[in-house]
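1. Predicted coordinates and the sequence they were generated for:
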Amino acid sequence: MIRLCCIFLAIAAWPFLIAGHASAHMVARPVSWIFEGARYDSVLVYDDATTARRPGLLMVPAWFGVNENAIRKAEGIAGQRYVILLTDMYGATIRPKDTAGARAAVSPLLADRPMMRRRVASALAQLRSLVAQAPIDTTRLAAIGYCFGGAAVLDLARSGAEIAAVVAFHGNLSTDDPSLAHAIRARVLVMNGADDTTTSPQFDGFLAEMRGSPAPWQFLAIGHAVHCFTEKEATTSSGLCRYDAQADAWSSRMMSTWLDESFLAH
């Protein structure tokens, strides 16, 4: 059972929440909570130009966590369509600056999947609790994740979370317990690069796992795409982790359609 020790809105602006950062009506508000003795600093993102209630998305970023790039990405997705809780999975004191730091941050969570499920479930509880602070329609909730974040939201689905949908982009597909697929209630959309050498060894196992899920699901391998295909900062020439504008745009459209259908079906 999740026990939330404390919920509060951060008052001090973070260094990356600077004036002029967002569009005219875009809100990027710090939101913090205490869970299992640690503080988590996240960001609530939405356009306040309209007061209309809209779906809430729990968004878990790639392994560099909550940073300026992740906030910009959340703003682009949110528009006037969604309220997004950009979620800190590491704790407020952990902000990776390089690949080594990111690997060190994700390793404990990938090694302890029950802990990861508890943390992402606590973040979902926070999203639900913010209905008085943001125009969230709590009857329409979903989770999206990128790279490591894809693993986190898939574990949220495996926990049996009562949300409409989960969408994972170039995510880690591994699990500590394939039988958890039987508990999935959310409609699951997973999109990975067909040439992603990081996750492609997990494809067969993931397909076998999801065949045991009663929930609707789709797994899409995007031709010629490698890892990180939605991450505009991934400009490496190694070919292992590279942004792909076409794959990014196409997968974003697929996400929008999947979410719309899921909210109608939920």
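-> Yep, it's here. Numbers count the residues shown, from 1 in each chain.

2. Please work out which helix or strand belonging to the chain has the smallest mean pLDDT.
-> Averaged element by element with mean pLDDT, DSSP states H and E, the chain has its least confident helix or strand at strand 4-8 (a mean of 40).

3. residue boundaries of the helices in the stretch 1-150 of the chain?
-> According to DSSP state H, counting those that start in this stretch, the stretch 1-150 of the chain carries its helices in the segments 68-78, 99-111, 113-129, 148-158.

4. highest average neighbour count across those helices?
-> Neighbour counts averaged per stretch over these are highest for helix 148-158, at a mean of 28; criterion: mean count of other CB atoms under 10 Å. In this view, the C-beta of every residue, glycine as well, is placed from N, C-alpha and C.

5. So what touches whichever helix in the chain runs longest?
-> Secondary structure of the chain per DSSP state H: the longest helix is helix 245-265. Residues from elsewhere that reach helix 245-265 (CB atoms under 8 Å, 6 or more residues apart in numbering): 55, 57, 77, 81, 140, 142, 144, 164-165, 167, 169, 186-187, 189, 191, 193, 218, 220, 222, 224-225, 229-230, 232.

6. are any of those residues buried, and which?
-> Buried subset of these (neighbour count, 16 or more other CB atoms under 10 Å): 55, 57, 77, 140, 142, 144, 164-165, 167, 169, 186-187, 189, 191, 193, 222, 225, 229-230.

7. Out of those residues, name the ones that lie in strands.
-> When strands are assigned by DSSP state E, the members of these inside them are 55, 57, 140, 142, 144, 165, 167, 169, 187, 189, 191, 193, 222.

8. Buried ones in the longest helix of the chain, by neighbour count?
-> Buried positions in helix 245-265, judged by neighbour count with 16+ other CB under 10 Å: 247, 248, 250, 251, 252, 254, 255, 258, 259, 262, 263.

9. can you pull the contacts of residue 63?
-> With contacts taken as CB under 8 Å, 6+ apart, residue 63 has the following neighbours: 96, 102, 103, 105, 106, 147, 148, 149.

10. what's the pLDDT at the residue lying closest to the last one once chain neighbours are set aside?
-> Ranked by CB to CB, 6 or more residues apart in numbering and with sequence neighbours excluded, the top spatial neighbour of residue 149 is residue 60, at 3.3 Å. Residue 60 carries a pLDDT score of 98 in this model.

11. Please apply the same query to the one 4 residues further on.
-> Confidence at residue 64, expressed as pLDDT, is 96.

12. number of nearby residues for it?
-> Residues near residue 64, counting by other CB atoms under 10 Å, number 21.

13. From residue 104, how far out is it?
-> In this structure, residue 64 and residue 104 are 12 Å apart, going by CB to CB, to the nearest Å.

14. any residues in contact with both of the two?
-> Taking CB under 8 Å, 6+ apart as the contact criterion, the common neighbours of residue 64 and residue 104 are residue 96.

15. contacting residues around the nearest residue to residue 193 once chain neighbours are set aside?
-> Computed as CB to CB, 6+ apart, the closest residue to residue 193 that is not its neighbour in sequence is residue 225, at 3.3 Å. Residue 225 makes contact with 170, 192, 193, 194, 195, 196, 244, 247, according to CB under 8 Å, 6+ apart.

16. what's the pLDDT at the third one?
-> On pLDDT, residue 193 comes in at 97.

17. May I have the beta-bridge partners of it?
-> Beta bridges link residue 193 to residue 222, judged by DSSP bridges.

18. Surely residue 91 and residue 37 touch.
-> No - contact status for residue 91 versus residue 37: not in contact, 9.6 Å apart, counting by CB atoms under 8 Å.

19. which of those two has more neighbours?
-> When neighbours are counted by other CB under 10 Å, residue 91 comes out ahead of the other of residue 91 and residue 37, with 17 against 7.

20. Tell me the one among the ones in strands among the buried ones among the contacts of helix 245-265 nearest to residue 29.
-> When those are ranked by distance to residue 29 (CB to CB), residue 57 comes first, at 15.2 Å.
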